[in-house]
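Visitor: Take this sequence and fold it.
(chains A and B)
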Amino acid sequence: MSAPRPRLAALAAAVGLVLADSSIVVLALPDIYRELDTSVAGVTWVLVSFNLVMALAAVPAAHLARRIGPGRAAAVGLAVFAGAGLACGLAAELSTLIAARCVQALGGAVAVTAVLELLPATTGSERRAVAVWAAAGATGAALGPAVGGMLTELVSWQSIFLIQAPLAIAAGVPVLAVARHEAATGIVASELRRTGNPHLLANLALALVSAAIAAALFLLVLLLIEGWRLTPIGAAVVVSAMPLAALLGARLGPEWGDSRARAAAGAILVAGGLGGLALLPSASVVLTLPPQLLVGIGLALVLSALTETALAGRASQAIHGGWTIASRHAGVAVGLIALTPLFTADIAEQRRDAIDAGTAVVLDSRVDPLLKLELSQRIDDRLEGERGRVPTISPAFEPLPTDPEDRAEVLQLRDELQDQLDRGATHAFSPSFGLGALLALLALVPIGLARRVEL
Amino acid sequence: MSAATNRGTLLVGVAIALSLALVGIYLAAGGSSYAPAQIQDPCEDRPWRDPEGLDELAEQFSFSALDGAACELGVSRETLARALATPESRERFTERYGIDDAELARAIRAGLVRAVDDAERAGALPPFVAGPLRETVRQIPLDQAIELIDDTRTLIDELQNFFGPAQGLLEQFLP
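Guide: Predicted coordinates:
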């Protein structure tokens, strides 16, 4: 068998890789949306399908890992994950991509829960195993969007999936030794003992908070790319504020209070950050940073506190780890399913209002009437070309008039029209961010109720 | 109370304070009103600017006509202005809203009548010009209205053609 340190790194990498997949594709969604000629609602299913299948498969996958042995289960899970990743990268249609994502989630669920059974033998204690497992998952999920954004812009959205195959196989190499050992000896690492009931309140709170965090991440990325027209790399840099803040939040361990207080503080910070995103006073990237800081610190606090609570004193770790995975991904899937229709309806309405407001600015201006008509025509052409997205309006104002006075007037018109579009795009996201904040606040109910039980 | 409990209470207090501060600052900075400007209902009267010349008068007349037609069709003036920019945009508009050319022409005719009313009310047209003009646009054949809306440039050109010969007469009455 491999040495403990590389093996620990490989197991943690496997968990990080799989859980990064719930968010890694977020920044690639606009590219997928355009390339596969689909709708916002349709492309959301690239994310929803993965999270939904993870939610449904996590607990059965944990039982499978205990039945066939965690080494074998992890090896099979990673192989399926890698193969399905290749299929995702080669998909030419949305339906193929979604189907491959479902298979990828199945493999991922088996691998992640099996790794939790393998970790104690490497770390030396169950407590440390849970800490490594939770930290690897949180790091993967937090880094996912930034890595996905970079790959999308530097290579292509397909590269996000294609690169996962060799990484999953590399992470699976140390696991193969355990699998061979299990096959040779017939020893299954964990006994098939009866497991306790899952911690309902902690898992419910996890689901609610995860739904809120999904809203923060998914909607913020869409706002940056589709609303404010940032490049995927630009958006990746901006949303990196959230994982960086999460690293800060991860330092607030048990010495900063019991798990109930940390969970409550985390949920409040997530709600406050989402509240800030719902009330952005202008279309400025800088203004997204304070809310992201709050969400990042909050998610690290609340996810670690609730995961520790859900697993504390419960056997087996894989089964209860499976319940936390199921809760988190169910929350993400439900959050996305609930928020997408609200968001798509809002953005269509706000886009219409913003374009009308911008056209009013053009019509009421003092530029030459025939130039107004020409601008109206070019604006309409831009809108048709953008297929329902918030358009970049400046090309509609090219070529600029040569007369300096007319030129200044037209430039002012362009800025005013762009301001109206920015207002519309930003305002369209407000109700969804607000709903996300409400979900985070709702998580305080199970956290509060658990006071007398145990949290 | 233990030190850990105290720190836990402090942590929750700090989280509440930070969250309220962020939301309060963003609200104070106008976060609740950062939205597109409201456009005017086309069925409501829009005050005319003081016309600086016949071009200006023709433009305000055509915008009043747009308001009137948009009110008839239940769309905004801005949507209709974009729709009438070219024959292609008009076709997209009629398909999207399920309107045929005859309905659109009727709406334009109603809009032209309203434009005459608005011009008269604003003092831009004297009653002895407004009366016959109103009758003329009421009688304007549908195909001619369609021709007008095929290209709004034509509408402005037609208006300029109309106001041009009457310039000497109108200048005595224009404000």
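Visitor: What is the subsequent helix or strand relative to the host helix or strand of residue A:84?
Guide: Assessed by DSSP states H and E, residue A:84 sits inside helix A:70-90. Downstream of helix A:70-90, the next assigned helix or strand under DSSP H and E is helix A:94-123.
Visitor: which other helices and strands contact that next one?
Guide: Helix A:94-123 is packed against helix A:4-20, helix A:40-68, helix A:70-90, helix A:126-154, helix A:317-363, with contacts defined by 3 or more Cβ pairs under 8 Å, 6 or more residues apart in numbering or on different chains; DSSP states H and E. C-betas here are computed from N, CA, C, even on glycine.
Visitor: Of all these, which one comes closest to chain B?
Guide: Ranking those by proximity to chain B (Cβ to the nearest Cβ) places helix A:317-363 first, at 3.7 Å.
Visitor: From the chain's centre, how far out is the closest one? Work that out for me.
Guide: 12 Å (Cα atoms, centre = their mean, to the nearest Å).
Visitor: So is that helix next to chain B?
Guide: Yes. Interface with chain B: helix A:317-363 contributes A:350, A:353-361, A:363 (Cβ under 8 Å from any Cβ of the partner chain).
Visitor: How much space separates residue A:45 from residue A:356?
Guide: Look at residue A:45 and residue A:356: by Cβ to Cβ, to the nearest Å, they are 31 Å apart.
Visitor: ditto for residue A:440
Guide: According to Cβ to Cβ, residue A:440 and residue A:356 sit 34 Å apart.
Visitor: Which one's more surrounded, those two?
Guide: Neighbours per residue (other Cβ atoms under 10 Å in any protein chain shown) separate residue A:440 from residue A:356, with residue A:440 holding more: 32 against 23.
Visitor: Please tell me the pLDDT value assigned to residue A:156.
Guide: Residue A:156 is assigned a pLDDT of 91 by the prediction.
Visitor: Tell me who's in contact with it.
Guide: Applying Cβ atoms under 8 Å, 6 or more residues apart in numbering or on different chains to residue A:156 gives the contacts residue A:31.
Visitor: backbone phi and psi for it, please?
Guide: phi -170, psi 170 (degrees, to the nearest 10).
Visitor: Within the helices and strands, which one has the nearest residue to residue A:90 once chain neighbours are set aside?
Guide: Nearest non-adjacent residue to residue A:90, counting by Cβ to Cβ, 6 or more residues apart in numbering or on different chains: residue A:158, 7.3 Å away. Assessed by DSSP H and E, residue A:158 sits inside helix A:157-162.
Visitor: Pull the residues that contact that helix.
Guide: So helix A:157-162 is contacted by A:24-25, A:28, A:31-32, A:35, A:85-86, A:88-90, A:147-148, A:151-152 (Cβ under 8 Å, 6+ apart).
Visitor: do the same with stretch A:286-298
Guide: A:142, A:213, A:216, A:220, A:224, A:238-239, A:241-246, A:248-249, A:252, A:265-277, A:280-281, A:440, B:15, B:18-19, B:22, B:26.
Visitor: Could you do stretch A:237-252 as well?
Guide: So stretch A:237-252 is in contact with A:27, A:135, A:138-139, A:142-143, A:145-146, A:149, A:216-217, A:220-221, A:224, A:230, A:262, A:266, A:285, A:288-289, A:292-301, A:304, B:11, going by Cβ under 8 Å, 6+ apart.
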